[in-house]
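Trainee: What follows is a protein structure lacking sequence information:
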């Protein structure tokens, strides 16, 4: 169970417990052309946009973000859509917090421990 703390006008509110089935992860993955200087600039601008929107880079063209439900997911999809580069492919996946916990990860030819999901999310 994840705990959400919100802050309203400088005051911290009571914690709200969120279901791991309501919390969703967004995975934005893309293949953008980088053959010309203009294309490289557009790809960099798109990556920077994702970081500014609270995504974290998993790999160079894979970005993750935790959202609280379908409504927030759709909001971010619309924002991404309005900031798409002129060319290339962008895919957005969604999966629950529970599904995220079950991702199997390998790094340097060895299996890594499962990532621990955040215990607390602070929204300001």
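Mentor: Arrived safely, thanks for sending. The structure presented is a predicted model; accordingly, all values stated were derived computationally and were not measured.
Trainee: Flag the shaky bits of the protein, pLDDT-wise.
Mentor: Scanning the chain with the threshold set as pLDDT under 70 gives 1-21, 113-124.
Trainee: So what sits opposite the spatially most central residue of it in the bridge?
Mentor: The residue lying closest to the centre of the chain (Cα atoms, centre = their mean) is residue 65, at 1.7 Å. Following DSSP bridges, residue 65 is listed with bridge partners residue 26.
Trainee: what's the spacing between it and residue 42?
Mentor: 21 Å (Cβ to Cβ, to the nearest Å). Placement of C-beta: from N, CA and C, glycine included.
Trainee: what are the ranges of the helices in this protein?
Mentor: With DSSP state H as the criterion, the chain has helices at 37-52, 70-81, 97-101.
Trainee: Return the residues in contact with the residue lying closest to residue 32 once chain neighbours are set aside.
Mentor: Of all residues not flanking residue 32 in the chain, residue 88 sits nearest, at 3.6 Å (Cβ to Cβ, 6 or more residues apart in numbering). Residues near residue 88 by Cβ atoms under 8 Å, 6 or more residues apart in numbering: 30-33, 43.
Trainee: any chance of those in CSV, plus neighbour count and distance to residue 83?
Mentor: Putting the contacts of residue 88 into CSV (neighbours: other Cβ atoms under 10 Å; distance: Cβ to Cβ, whole Å) gives the following:
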residue, neighbour count, distance to residue 83
30, 20, 12
31, 11, 17
32, 19, 12
33, 15, 17
43, 20, 12
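Trainee: Serialize the residues you listed to a markdown table and add fields for distance to residue 98.
Mentor: Compiled in a markdown table, the contacts of residue 88 are given as follows (distance: Cβ to Cβ, whole Å):
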| residue | distance to residue 98 |
| --- | --- |
| 30 | 26 |
| 31 | 29 |
| 32 | 31 |
| 33 | 36 |
| 43 | 33 |
